[in-house]
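Chemist: Sequence and computational prediction follow.
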Amino acid sequence: MTKVDDIHEDRTRVDADHARQVAEQARETRWDRPSFGKELFLGRLRLDLIDPLPRGETSVEGEAFLERLRVFCETKVDGPQIERDAWIPDEVINGLKDLGAFGIKIPRAYGGLGLPAVYYHRALMLVGTANPSIGALLSAHQSIGVPQPVKMFGTEQQKQEFLPRCVREITAFLLTEPDVGSDPARLATSAVPNEDGSSYTLDGVKLWTTNGVLADLLVVMARVPASEGHRGGITAFVVEADAEGITVENRNSFLGLRGIENGVTRLHNVVVPAANRIGREGDGLKIALKTLNTGRLSLPALCTAASKWSLRIARQWSSQRVQWGRPIGEHEAIAGKISFIAATSFALEAVLEVSGRLADADRHDIRIEAALAKLFSTELSWQVADELVQIRGGRGYETAESLAARGERGVPAEQMLRDMRINRIFEGSSEIMRLLIAREAVDAHLSVAGDIIDPKADMQHKARAAARAGAFYARWLPTLVAGRGQVPSAFGAYGPLSEHLRFVERASRRLARQIFYGMSRWQARLEHHQLFLGRIVDIGAELYAMSASCVYARSPGQDESAVELADAFCNQSRCRVEHLFRQLWRNTDANDRVISRQVLENRYPWLEEGILDASIDGPWIAEARNGPSQRQNHRRIVSG
């Protein structure tokens, strides 16, 4: 059996322990810089870490670029055409290249614009409202494509070779496989080193390669077999998209984002120079996760833009549409929805701005903040989109072209709803994000007490862990009893928002206590209580959003009316937080697990009777054996 065959056989035998070990080895274990999010889950509201906000760098070049980009989007981008044709025209892509939109964050020394993250986010907001597929194109290229990992982890030679190309060439990130999603331990694409170590031969199939259909350069994650002189493991490579042996076997079609070029890519005997390896062998997942720490903020930018657009449409429509003698916005049922959209839009902008400035300042560890921003923004913006469609009624369900054809304003609310849905799955589904954040939230506890609950630890390790845990909890637990949130005058500098920050402080300590209770009750089994952990994370996300909203509302240059929106959001958020706290211990989780198991065991076949299944026949997961392609190459070349 060959080394490649070994990889395919091994992935079918991956057990939970090994999968957990691979994920654990990939995460960053050090906390050598302060983290607002980490402190929040420990019951400490460290507002000093975000207030005053790091000063947003005002760039003359950045402002000029945004203005050019705005004019380009208004005059050269035909959003409905992209929706109809299901692709972004070459002239639009080339126009974006000419503007420098593919190199916004690439340093000027390598030919890029070298702009801060906040300008990158504002650029995504512009293009995302011109057409969301353009936002996905630029985001996939700059947040997870070649530029970011090479900039962060590449050698100087790699930076000089690849970054100038990324200013005018499109890149893609290839990790997911037909049978591998969020469990990288089962990744099967292989990268076998040749005898003299000068190159690797890649074989495998990659799925959902956003930009992969028209990319010039690829970041490919592949497993190097361990052997003498090779530590092996999942490794990152920069690969030429037109290399011999690469075939784009399919361009995938989706519910929304019809203009994205997302495909299935087969690699067969693709020879890649060892000089194209990013970092060491086995560091691929670490590189991917660190890249995403700031790269994840691209989705909050697109979500914020969509929410702000929803607010504009809701305001204009609700003041024009009259029912029962009054504009519908004056009826309480609709007023509640408008208030939710307005308050949430402000909070999303606050979370994006605070997180973006923290990223630019580069003084904090923002892995938790970025993950919370992604989770919170994608979940809340989806609710905003759904509420807009409801406010628009039948017109919300009707396409923009159909509306325009019968003489009304062509508002693409239904398209926006379809386009937004993927954000809860992109770059880590909400369920995976909750588990990822939960792991970071309990990190301090596992650091001191992990061996106590580890069934594999011997008595000597357990004894040392017990001593560490005793010392840690003797200092930490008393801090959760009382705090500034119980002092009526605390946070007085925030004026009418002070009561909300007192709530956040109290809720943060309460949250920390619940985490401790959960660990004490379930110990090593805590990881299986994913709904409990999910609620813990959702509470943390709300508290982060409330903190960011209060700080952002009082930041220099902010409109004084921002305090009203921050107050409205915090009131709404507090209701959600209280509901989540109640659900921690009063829920149907145990019964739900039983019912789910019985459904999977086919206990209720009668419930599925009386229907037809319109699915197209085929296996649930496509066979993805390595080998030469038997299909047409669907790669698209953008003519320059």
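Modeler: Noted; the coordinates are in hand.
Chemist: Only C-alpha atoms from now on, for both contacts and neighbour counts.
Modeler: OK.
Chemist: who's in contact with residue 387?
Modeler: 337, 341 (C-alpha atoms under 8 Å, 6 or more residues apart in numbering).
Chemist: Quickly note the distance from it to residue 475.
Modeler: From residue 387 across to residue 475, the span is 46 Å (C-alpha to C-alpha, to the nearest Å).
Chemist: And residue 31, by the same measure?
Modeler: On the measure of C-alpha to C-alpha, residue 31 and residue 475 end up 20 Å apart.
Chemist: same check, this time on residue 117
Modeler: Distance of residue 117 to residue 475, given as C-alpha to C-alpha: 38 Å.
Chemist: do the same with residue 259
Modeler: Counting by C-alpha to C-alpha, the gap from residue 259 to residue 475 is 55 Å.
Chemist: Tell me which of those two has more neighbours.
Modeler: Legend: neighbour count by other C-alpha atoms under 10 Å for residue 259 and residue 475, higher for residue 259 (24 against 10).
Chemist: For the residue found closest to the more buried one once you drop the neighbours it is linked to in the chain, grab phi and psi.
Modeler: Distances taken as C-alpha to C-alpha, 6 or more residues apart in numbering place residue 87 nearest to residue 259, at 4.0 Å, with adjacent residues excluded. Dihedral pair for residue 87: phi -160, psi 160, per degrees, to the nearest 10.
Chemist: Likewise for the one 4 residues further on?
Modeler: Reported as degrees, to the nearest 10, the phi and psi values for residue 91 are phi -70, psi -30.
Chemist: Next, the buried residues of stretch 59-78.
Modeler: Applying a neighbour-count criterion of 16 or more other C-alpha atoms under 10 Å, the buried positions in stretch 59-78 are 62, 65, 66, 69, 70, 72, 73, 77.
Chemist: Columns secondary structure and pLDDT on top of these, output as JSON lines?
Modeler: Shown next, in JSON lines, are the buried residues of stretch 59-78 (DSSP: H, G, I helix; E, B strand; the rest coil; pLDDT from 0 to 100):
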{"residue": "62", "secondary structure": "helix", "pLDDT": "94"}
{"residue": "65", "secondary structure": "helix", "pLDDT": "97"}
{"residue": "66", "secondary structure": "helix", "pLDDT": "97"}
{"residue": "69", "secondary structure": "helix", "pLDDT": "98"}
{"residue": "70", "secondary structure": "helix", "pLDDT": "98"}
{"residue": "72", "secondary structure": "helix", "pLDDT": "98"}
{"residue": "73", "secondary structure": "helix", "pLDDT": "98"}
{"residue": "77", "secondary structure": "coil", "pLDDT": "98"}
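Chemist: Save those as CSV, and put in distance to residue 561 too.
Modeler: As requested, the buried residues of stretch 59-78 are exported to CSV (distance: C-alpha to C-alpha, whole Å):
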residue, distance to residue 561
62, 27
65, 29
66, 25
69, 29
70, 26
72, 31
73, 30
77, 33
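Chemist: wait, which of those is closest to residue 489?
Modeler: Top of the list for closeness to residue 489, among the buried residues of stretch 59-78 and by C-alpha to C-alpha, is residue 62 at 41.4 Å.
Chemist: Surely the closest one is in contact with residue 120?
Modeler: No - counting by C-alpha atoms under 8 Å, residue 62 does not reach residue 120; the two are 9.0 Å apart.
Chemist: Sweet, I'm off.
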